[in-house]
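K.L.:
missing the sequence, but the structure's below:
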């Protein structure tokens, strides 16, 4: 089989890449190793409404709930509310990834991309030592797909980059190890995303509760890999459930790893581009990856459509992508990596002090960045190290 | 030797992402381990469910 572009992985990054490239006229093959796109889910499913709307027209079928804001709870129980729009408008979506991911793949298909499920990449094809497509296993049978350019959208467990000589292995301090339950409990607040901080609750991470409507929520935990031991996430999540949702019924269980490494050294090689979690483009502070993945996918798809017909797929030509994402989403990712490196080592006293410092200050309409600014202003000594990052 | 408890494993692929030897692979609902495994233990440390175990006594 021959085509212009092979996309490995049909998550948001892969589908956006495939869609953008196919729309621009490339002959695209997108492969997904699972037999079902989007399932099992490995995500808390929260996304900014405004950011998502800039990338795709939201469809009610893949939105579980809309939220008004976020609550952050300090280790001592003090709470603050942010991102609360006074007019009562919703600021965030909690998605149904199983539906969302497939809808994006469908859009790629409608744009003309060929989609292959239960098709797993085994390695890169090479021609004169240069990557020239993918060897895959299609429902158990070997299949060669020749293409001048391969997009690695293969997630946290990415192999495409490693095959091309890009080191993407995550150090324990650069990954959040996560577990999540879909919980039914009358105590769930359908209007707010909640974040719980504390070294006993979630070392180097946080516990979240993202409402999915009708007293359902994704209640999950992320722990920094370097502070975790085998099985810590599921154990601490069960502890949290016992303390906070003792009557909660668990309808689904999810696990996963979230890259929090910040930008890696490079995301292109001859004939290869990485996007999304494969490129470690998730936000090191929030762990959110959907928006960055979609933005990077769109960039990669358009650039592929521009370069492939000209035969310019060597590493140097592909630097256009590298520069474009670093100039845009990369800036936020870099800054938030530095902020994360600082926050993961704070004691509970530090965290409490920080939340207390906001007492009497109106933070309701702030987003995360705005909140960090106020924190730096209120804690000039403690947050000295962060001052240069947040201006 | 690295053993994967398939009854515990949630097949999330986090272990694959941290493996410095690229010795692991997530295939739908199971983890494959190849001979490149150096028994460094990173995968076991970060497994959210504690499904991976390293037998420290075993010699290669």
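P.N.:
Nice, thanks for sending it over. Nothing here was measured: the structure is a model prediction, and the numbers come from that model. Numbers count the residues shown, from 1 in each chain, chains lettered A, B, ... in the order given.
K.L.:
Alongside chain A, which residues does chain B contribute?
P.N.:
B:10-20, B:22, B:24-28, B:42, B:44-53 (CB under 8 Å from any CB of the partner chain). No exception for glycine: its C-beta is placed from N, CA and C like everyone else's.
K.L.:
Just the ones of the residues you listed in helices?
P.N.:
Mapping the residues of chain B next to chain A onto helices (DSSP state H) picks out B:14-18, B:42, B:44-46.
K.L.:
which residues does residue A:289 contact?
P.N.:
Counting by CB atoms under 8 Å, 6 or more residues apart in numbering or on different chains, residue A:289 touches A:43, A:258-259, A:276-277, A:281-283.
K.L.:
measure the residue nearest the centre of chain A to chain B for me?
P.N.:
Against the mean C-alpha coordinate of chain A, by CA atoms, centre = their mean, the closest residue is residue A:289 at 1.5 Å. Note on residue A:289: its distance to chain B, by CB to the nearest CB, to the nearest Å, is 13 Å.
K.L.:
just residue A:198 next, same as before
P.N.:
19 Å.
K.L.:
Tell me the secondary structure of that residue, please.
P.N.:
In the three-state summary, residue A:198 is assigned as coil, counting by DSSP: H, G, I helix; E, B strand; the rest coil.
K.L.:
residues touching it, list them.
P.N.:
Taking CB under 8 Å, 6+ apart as the test, what residue A:198 contacts is A:74-75, A:348, A:351.
K.L.:
Just the contacts of residue A:289: which are in strands?
P.N.:
A:258-259 (DSSP state E).
K.L.:
who wins for neighbours among the contacts of residue A:289?
P.N.:
Ranked by neighbour count (other CB atoms under 10 Å in any protein chain shown), the contacts of residue A:289 have residue A:276 at the top, with 32 neighbours.
K.L.:
The spatially closest residue to that one that is not a sequence neighbour is in what secondary structure piece?
P.N.:
Closest residue to residue A:276 in three dimensions, ignoring its sequence neighbours and counting by CB to CB, 6 or more residues apart in numbering or on different chains: residue A:13, at 2.7 Å. Element membership for residue A:13 (DSSP states H and E) is helix A:12-23.
K.L.:
what packs against that helix?
P.N.:
Under the contact definition 3 or more CB pairs under 8 Å, 6 or more residues apart in numbering or on different chains; DSSP states H and E, helix A:12-23 sits against strand A:5-8, strand A:28-31, helix A:97-110, helix A:290-307.
K.L.:
out of the ones you listed, deepest packed?
P.N.:
Greatest average neighbour count among those goes to strand A:5-8 (a mean of 31), per mean count of other CB atoms under 10 Å in any protein chain shown.
K.L.:
and that strand, which strands flank it?
P.N.:
Partner strands and pairing direction for strand A:5-8 (DSSP bridges) are strand A:28-31 (parallel), strand A:149-152 (parallel).
K.L.:
Tabulate these (TSV), appending mean pLDDT.
P.N.:
Listed next are these as TSV, based on pLDDT from 0 to 100:
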stretch	mean pLDDT
strand A:28-31	98
strand A:149-152	98
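K.L.:
what's the closest of the ones you listed to residue A:97?
P.N.:
Distances from residue A:97 to each of the strands paired with strand A:5-8 were compared by CB to CB, and the smallest falls on strand A:28-31, at 17.2 Å.
K.L.:
chain center to the closest one, what's the gap?
P.N.:
Between the centre of strand A:28-31 and the centre of its chain there are 21 Å (CA atoms, centre = their mean, to the nearest Å).
K.L.:
what distance separates the helix or strand following it from the centre of its chain?
P.N.:
Scanning forward in sequence from strand A:28-31 by DSSP H and E, the next helix or strand is strand A:46-48. From the chain centre to the centre of strand A:46-48 is a distance of 10 Å (CA atoms, centre = their mean).
K.L.:
Name all residues that make contact with residue A:212.
P.N.:
A:45, A:64-65, A:94, A:96, A:182, A:218.
K.L.:
what's the average pLDDT for stretch A:292-305?
P.N.:
Averaging the model's pLDDT scores along stretch A:292-305 yields 98.
K.L.:
And stretch B:48-55, by the same measure?
P.N.:
Taken as a whole, stretch B:48-55 has an average pLDDT of 95.
K.L.:
Residues touching it, excluding its own?
P.N.:
The list of residues contacting stretch B:48-55 from outside it, by CB under 8 Å, 6+ apart, reads A:177-179, A:230-235, A:255-257, B:1-6, B:8-10, B:12, B:14-15, B:31, B:39, B:41, B:43-44.
K.L.:
Show the end-to-end separation of it, please.
P.N.:
The stretch stretch B:48-55 measures 19 Å between its terminal residues, going by CA to CA, to the nearest Å.
K.L.:
Show me which positions of it end up buried.
P.N.:
The neighbour-count criterion (16 or more other CB atoms under 10 Å in any protein chain shown) identifies B:48-54 as the buried residues of stretch B:48-55.
K.L.:
With distance to residue A:334 added, can I get those residues in TSV?
P.N.:
Below are the buried residues of stretch B:48-55 laid out as TSV (distance: CB to CB, whole Å):
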residue	distance to residue A:334
B:48	27
B:49	32
B:50	33
B:51	33
B:52	32
B:53	37
B:54	34
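K.L.:
This completes my enquiry, with thanks.
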